[in-house]
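Asker: Here is my input, please return the structure:
(4 chains)
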There are 4 protein chains.
Amino acid sequence: MIANPKINKAVKKFTDIRNHSIAICAPLEIEDYVVQPIVDVSPPKWHLGHTTWFFETFILMPHFPGYEVFDSQYNFVFNSYYETIGARVIRTDRGNLSRPSVADVYRYRQYVDEQMQAFLQSEWLTDSVESLLELGLNHEQQHQELLLTDIKYILGHNPLFPVYKKNKASEKEELVPMEMISFAEGIYEIGFSGNGFCFDNELGRHKVYLPDFKIASRAVTNGEYLQFIEDGGYTDFRHWHAEGWDWVKQNNAQSPLYWHHIDGKWMYYTLEGLQELDLEETLCHINFYEASAYAAWKGMRLPTEAEWEVASEKFKWGNRWEWTGSAYLPYPGFKKEAGAVGEYNGKFMVNQMVLRGASVATSPWHSRNTYRNFFHASLQWQFTGIRLAK
Amino acid sequence: MIANPKINKAVKKFTDIRNHSIAICAPLEIEDYVVQPIVDVSPPKWHLGHTTWFFETFILMPHFPGYEVFDSQYNFVFNSYYETIGARVIRTDRGNLSRPSVADVYRYRQYVDEQMQAFLQSEWLTDSVESLLELGLNHEQQHQELLLTDIKYILGHNPLFPVYKKNKASEKEELVPMEMISFAEGIYEIGFSGNGFCFDNELGRHKVYLPDFKIASRAVTNGEYLQFIEDGGYTDFRHWHAEGWDWVKQNNAQSPLYWHHIDGKWMYYTLEGLQELDLEETLCHINFYEASAYAAWKGMRLPTEAEWEVASEKFKWGNRWEWTGSAYLPYPGFKKEAGAVGEYNGKFMVNQMVLRGASVATSPWHSRNTYRNFFHASLQWQFTGIRLAK
Amino acid sequence: MIANPKINKAVKKFTDIRNHSIAICAPLEIEDYVVQPIVDVSPPKWHLGHTTWFFETFILMPHFPGYEVFDSQYNFVFNSYYETIGARVIRTDRGNLSRPSVADVYRYRQYVDEQMQAFLQSEWLTDSVESLLELGLNHEQQHQELLLTDIKYILGHNPLFPVYKKNKASEKEELVPMEMISFAEGIYEIGFSGNGFCFDNELGRHKVYLPDFKIASRAVTNGEYLQFIEDGGYTDFRHWHAEGWDWVKQNNAQSPLYWHHIDGKWMYYTLEGLQELDLEETLCHINFYEASAYAAWKGMRLPTEAEWEVASEKFKWGNRWEWTGSAYLPYPGFKKEAGAVGEYNGKFMVNQMVLRGASVATSPWHSRNTYRNFFHASLQWQFTGIRLAK
Amino acid sequence: MIANPKINKAVKKFTDIRNHSIAICAPLEIEDYVVQPIVDVSPPKWHLGHTTWFFETFILMPHFPGYEVFDSQYNFVFNSYYETIGARVIRTDRGNLSRPSVADVYRYRQYVDEQMQAFLQSEWLTDSVESLLELGLNHEQQHQELLLTDIKYILGHNPLFPVYKKNKASEKEELVPMEMISFAEGIYEIGFSGNGFCFDNELGRHKVYLPDFKIASRAVTNGEYLQFIEDGGYTDFRHWHAEGWDWVKQNNAQSPLYWHHIDGKWMYYTLEGLQELDLEETLCHINFYEASAYAAWKGMRLPTEAEWEVASEKFKWGNRWEWTGSAYLPYPGFKKEAGAVGEYNGKFMVNQMVLRGASVATSPWHSRNTYRNFFHASLQWQFTGIRLAK
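Answerer: Next up, the predicted model:
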């Protein structure tokens, strides 16, 4: 086979992204790959298997003649929400499965990676498959972020507070002064319009009418949020949505996730271990209820996703996923794609809130200002923060 | 006291609306006032007490010098979500309270009504209280609709299928032909702007940019929905949101609420008793998941609330609350009012979908095309329907 | 028909017992008949209907030619555990049924009573039916006690603490001195052996070998139990079974049911209303876990049911159901009767503890020292007490 | 130190028993040590740590001067029910803990074992400590059986049905003919009376009076139980306790645990993998409800624990734990020991049924005919069987 730079680049990109998942897991003990402390967190070995299953199921099986499935039972174990493909494992069961072992999963990855590398250099790589490949790589990157947030949850809820990695790239960024940036009312456009990859939920660039608004130049810090706590923020229902207040009471919530008040001092679990809370650091791990309550306490609000996107060129973002005041709904003209891949995003468009930006856990080349992330309003375990608006 | 037509009119309006609640309950047995089959349904006697408590607590107690509370323990029993006022009864407990008796509640109503009538003719009726009065009467009307929907649930879930009232105003309307009405893209205005009463969530008339859209001239009928059922609508996950599909499976859902397949025939429980399903009647009692799945099956979608409001002058509405594709969120510039009344709407603005229009159960003079009703996506027990858009 | 004293006596006995149920309900408001605050408590109207259904189903329908069922749907509503007879109403649903109304239930009672009176004077009253009649009357008496305990629960869990009846026969008895009565080891006989009525679970008088034991001359008082509370009885796990300790923590238990610590004083809800706790009164409304923990704290234990029965002639009993240390299991040679009546007792013989004696709520002529009452270890709402042994 | 045969024997016994736990785990993958599919099953690494913690906490820390705790946080992780010693890990959380790692646990075992070996050869080994040692070793053996049953559950509920060990000692025994052995009524003695070790719940040998009874010469086989299934045993409520019938319906139970009806054939998961069901093998993995229902269907009953113990010399036992008809209650004169060890058995004496005998999973030298095993009536995962009586 004659060297083809485009193909070599595709193989390299595929291999780099796939290897990054493995690099994320390198500091783990085998035991860390297996557990699932809550339903929203998946065992790391499941992430490694599930992203592999994606390439096997959507690319190799239908498009690579002669491909032999690694293990026909893995579909049952590593399928996710894709009802089209077959019976899924009930999500709560993932933490009960000791097999396939971690070594099996790595063998599965290696087998599929080798097959993919062969496929990428073959005649079978058509344009339509290329877009599936792109989707699969972006899917892998999404799970890389989940790997980090899930690992933090698993280790951060262990009474021994194990360290994931020393000298990890800090969660901290340099703070800019807090100011409110003004935008004039008018018609703006949002949504993806470039040539590169985007998810289906970003498509359909369209006009929106925005009233005058102001948006903060930076996200809220730990120190600023601590004032809310010290002012009784978690004990005054008036700041909260009714469901948020129920969440506070049912969980006896008193601070963001991973904050621990020990011997009169606020400590914070990071991937480097338990540390004293840094008041200058950007706040992290709050849910939508907390973000809204904080904004209400400040007499402000969260930005809409349209405001955020329009304003995003005027501020630095990317350190925290920023809760917006927008529910996750289809853009005008949104269409599900045909087949199993069509289930990717559309079916989640109810009872979730949009987050914009990216976080310290987001993989490289996986950010853009049209990206629509979404989670249930009660979830705290992502690297989430607050940017105020009014 | 000299006759004052404005005052007489206020007394008459107050009395008429208050009496309408009693008229709704007239066909009930005492036992029907007491039960609470599910958490979303309240016992009729609770509705009668709670609406009375509203006038006592927000008008008579703070504004009518010398007013003596009817029973100081009733605040504990009839308070609702108003955290500002004091400890609320856990909502699930309402169906456990045999006392106060129905006769006690009627005595309570009579006492408060007489006091209110005296108050309305007194010097203490200031402008600011008048707006509280208006709120209280609209609040009463909201509970009148809930009274009917809750009575239907209570009787419709009794194995004896009791009749509420024969010759009740039918749930049926005359059908107009189904056509799709077109609207051109552009800037429109939505939100309340008149002089009369509206809820705080309608305020802030504002511009929105809408793309081209089409909206149906009438709501979907039972017959049309039956085709969805017969085409396997409840067994094909592809039509459903992920949460909707979970709802279908957990509840083994196979049809709208109150539909019963008996001896090969579709029956439907109405307030006049169990009847054969009328295929020409407008569909009723479906939740947001069902509405969305039906629209997806038709290759269409639900309208947004802005589209609905803009288009509402071009079609007949008011027979069913129509699920929109919009989440219930604050309009630009939304502000909670100060005090307990400020809790009225804002705190529910998460994880609910907007319904527009009105229904056969809505009280007279309680409809307008800016009205924003809202319920959780899973709830079926209101008189809800589907209007398609694309 | 010529007067027959035996028949007249049967009619009178039937009528007297049936009327006693109605007398128990006389002080109730209609609303009190309907509610079911917890699954263990049934609505009073259900008790009235269910006991009537027993006579209709097991006597009139099979044995009285030409009998016409009052309402064929009532079997569905008033059936209890009798799986043989047909689909039962899920027990938790009883409190959701507003119909049949209380008036309907009284009409049902009157109809069945008249039919029963005719039947009792007819040729169809055979010996085998007489034993069913006896069972039905004892069944009615069991439900009379449950009526009282359930009414106490319904009213005693209402925030208004309504009075059931003033000057009700007191729950109080005269105290005898506390002494420990000794019995020598040896073979004893327990179980029913007389000619009158007993339940199937008492049959099979049989020998048991008992070691030396001592048993208290009277039950524990409120004052004695208060010492346990004040000594931290509810905060020291060492006194409790593991399941009992879980019960304490999950329910934040701190005292018997119906005890309220208000303004530094112990109050106690009785059927005459809320009253100051009488330290000289016999303790009431504790569950098996509490009874065992108290005994452990005293360095003693609960008697076995055999010890209790053997010793019962030496002490006064009948004011409280006394928890024993015996699990509810079949006596040697126990046989279920054929047919639906056979389900009466045997199927409950797992995970329940035996109580012996009777209580202030037990109907007249419904006590004997071989009676085996039984409840789950966590239940407090019967009139239960503690007699110590060692 | 001069060789002392008694001491050498103690060291050897300690070492042998401790090593047997490790041998049981030898075939496991690291992942298998970590998961907890249901609350009743513990992760194997927890068993290994907990039994080690027992020796550290009850022997080394109080009795071996200078002993240094391996890791002070392990008490929090490996404590069980021993409320006296400190806060316990909520049992449901065990499966969420990836750390301490399996390697850590083995280091912990090695450290404690070396310290124990030194201690056993030291002057500090007094008689009272020797009885704690004996308790600790029996405790270890109890967990050895649980290790096997929990491993079977973990692997047997994995969709890949992994093999634990090929050529494992079979669960099968040679069948003797089924006959009913008769015993005459009279006074018998039960309870432990020898010199060796027994648990506190066996102590207090005492007289019981037994009526005439017959007991089967062997336990029920798979083939015999299959007749019950094929006769509709799981669909006829009349065979079942009320709670048993609820269990059947809630779990849609249709066969013993680990039975799978695949392509018209009954398969059975064993520690050697999935195999065809052997009709000649002794039935295994049924709960008390199933055991009782089977006996009722046969027109017989389960033996009481006294009958079983009295008869045990006349039949072969030890292959299955045999459900008895006796609730787990204290023997006459039962006393809890002082201190944490006193919590060992007594606090579980409610709502559990006694099992007698031993099973293929019981450790060597850990069986005797006075042994009182106990489990909740609904649990199937032990190696349990049925011996009939009448």
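
Asker: what sits against A:Gln115?
Answerer: Taking C-beta atoms under 8 Å, 6 or more residues apart in numbering or on different chains, we find A:Gln115 in contact with A:56, A:60, A:64, A:67. In short, each C-beta sits where N, CA and C put it, glycine included.

Asker: ok, and for whichever helix or strand A:Thr15 is part of, which residues are buried?
Answerer: Using DSSP states H and E, the element containing A:Thr15 is helix A:5-25. Using 16 or more other C-beta atoms under 10 Å in any protein chain shown as the test for burial, helix A:5-25 gives A:10-11, A:14, A:17-18, A:21, A:24-25.

Asker: Kindly reformat those as a markdown table and extend each row with distance to chain D and pLDDT.
Answerer: Output for these, formatted as a markdown table (distance: C-beta to the nearest C-beta, whole Å; pLDDT from 0 to 100):
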| residue | distance to chain D | pLDDT |
| --- | --- | --- |
| A:Ala10 | 34 | 93 |
| A:Val11 | 32 | 96 |
| A:Phe14 | 28 | 98 |
| A:Ile17 | 26 | 98 |
| A:Arg18 | 22 | 98 |
| A:Ser21 | 19 | 98 |
| A:Ile24 | 16 | 98 |
| A:Cys25 | 13 | 98 |
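
Asker: closest to A:Trp266 among those residues?
Answerer: Distance to A:Trp266, by C-beta to C-beta, is smallest for A:Ile24 among these, at 28.1 Å.

Asker: A:Asn75 belongs to a helix, doesn't it?
Answerer: Yes. Under DSSP: H, G, I helix; E, B strand; the rest coil, A:Asn75 sits within a helix.

Asker: what about it, how many neighbours?
Answerer: Neighbour count for A:Asn75, taken as other C-beta atoms under 10 Å in any protein chain shown: 19.

Asker: looking at it, it is touching A:Thr57, isn't it?
Answerer: Yes. A:Asn75 lies in contact with A:Thr57 (C-beta atoms under 8 Å); the separation is 6.9 Å.

Asker: hang on, the earlier thing: from the buried residues of helix A:5-25, pick the one nearest D:Ile187.
Answerer: Nearest to D:Ile187 among those: A:Cys25, at 67.9 Å, using C-beta to C-beta.

Asker: Distance of the closest one relative to chain B?
Answerer: Between A:Cys25 and chain B the distance is 28 Å, computed by C-beta to the nearest C-beta, to the nearest Å.

Asker: isn't that residue right up against A:Gln144?
Answerer: No. With contact defined as C-beta under 8 Å, A:Cys25 does not reach A:Gln144; the gap is 9.9 Å.

Asker: Low-confidence ranges, chain A, go.
Answerer: Across chain A, the ranges flagged by pLDDT under 70 are A:1-3, A:81-92, A:168-173.

Asker: Give me every residue in it lying close to chain B.
Answerer: Residues of chain A found near chain B (C-beta under 8 Å from any C-beta of the partner chain) are A:81, A:83-84, A:185, A:187, A:206-209, A:211, A:237-238, A:240-245, A:288-289, A:292, A:301, A:325-327, A:329-330, A:332-333, A:343, A:347-351, A:353, A:377.

Asker: List the ones among those that fall in strands.
Answerer: Using DSSP state E, the subset of the residues of chain A next to chain B located in strands is A:187, A:206-209, A:325-327, A:353.

Asker: Quick check: ChimeraX command selecting the buried ones in those.
Answerer: Selection command for ChimeraX covering only the buried members of those, criterion 16+ other C-beta under 10 Å:
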select /A:206,207,208,209,325,326,327,353
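
Asker: just the ones in strands among the residues of chain A next to chain B now: which is nearest chain B?
Answerer: Comparing those against chain B with C-beta to the nearest C-beta places A:Ala327 closest, at 3.3 Å.

Asker: In the sheet, which residues pair with that closest one? Tell me.
Answerer: A:Met353 (DSSP bridges).

Asker: For A:Glu134, pull up the helix or strand it's in.
Answerer: Here A:Glu134 is assigned to helix A:127-156, by DSSP H and E.

Asker: and the angle for that helix with helix A:5-25?
Answerer: Using axes from the mean of the first three to the mean of the last three C-alpha atoms, to 10 degrees, the direction of helix A:127-156 lies 10 degrees away from that of helix A:5-25.

Asker: and helix A:127-156 with chain D, contact?
Answerer: Yes. Under the criterion of C-beta under 8 Å from any C-beta, chain D is reached by helix A:127-156 at A:154-155.

Asker: How far off centre is that helix?
Answerer: How far helix A:127-156 lies from its chain's middle: 8 Å, per C-alpha atoms, centre = their mean, to the nearest Å.

Asker: helix or strand right after that helix?
Answerer: Tracing the chain C-terminally past helix A:127-156 and defining elements by DSSP H and E, one meets strand A:180-183 next.

Asker: Adjacent strands (with direction) for that following strand?
Answerer: strand A:213-216 (antiparallel).

Asker: Just the C-alpha atoms of the strand it pairs with, please, in CSV.
Answerer: The C-alpha trace of strand A:213-216 is given here as CSV (Å, rounded to 0.1, in the frame of the first residue of the first chain):
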residue,chain,number,x,y,z
PHE,A,213,-28.5,41.8,28.7
LYS,A,214,-25.3,41.8,30.7
ILE,A,215,-23.2,38.8,31.3
ALA,A,216,-20.2,38.3,33.7
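
Asker: So what's the gap between the following helix or strand past it and the chain middle?
Answerer: Using DSSP H and E, the helix or strand that follows strand A:213-216 in sequence is helix A:222-230. Taking C-alpha atoms, centre = their mean, one finds helix A:222-230 lying 25 Å from the centre of the chain it belongs to.

Asker: ok so A:Arg109 is a helix residue?
Answerer: Yes. Remark: A:Arg109 belongs to a helix, assigned using three-state DSSP.

Asker: residues in contact with it?
Answerer: A:Arg109 is in contact with A:18, A:22, A:48-49, A:52, counting by C-beta under 8 Å, 6+ apart.

Asker: ok so, going back, who does the helix holding A:Glu134 touch, helix- and strand-wise?
Answerer: helix A:5-25, helix A:44-55, strand A:265-270 (3 or more C-beta pairs under 8 Å, 6 or more residues apart in numbering or on different chains; DSSP states H and E).

Asker: Next, the residues that contact stretch A:97-104 from outside, please.
Answerer: Outside stretch A:97-104, the residues that touch it by C-beta under 8 Å, 6+ apart are A:30, A:33-34, A:43, A:45, A:49, A:71, A:74, A:77, A:89, A:108, D:29-32, D:34-35, D:154-155, D:158-160, D:162.
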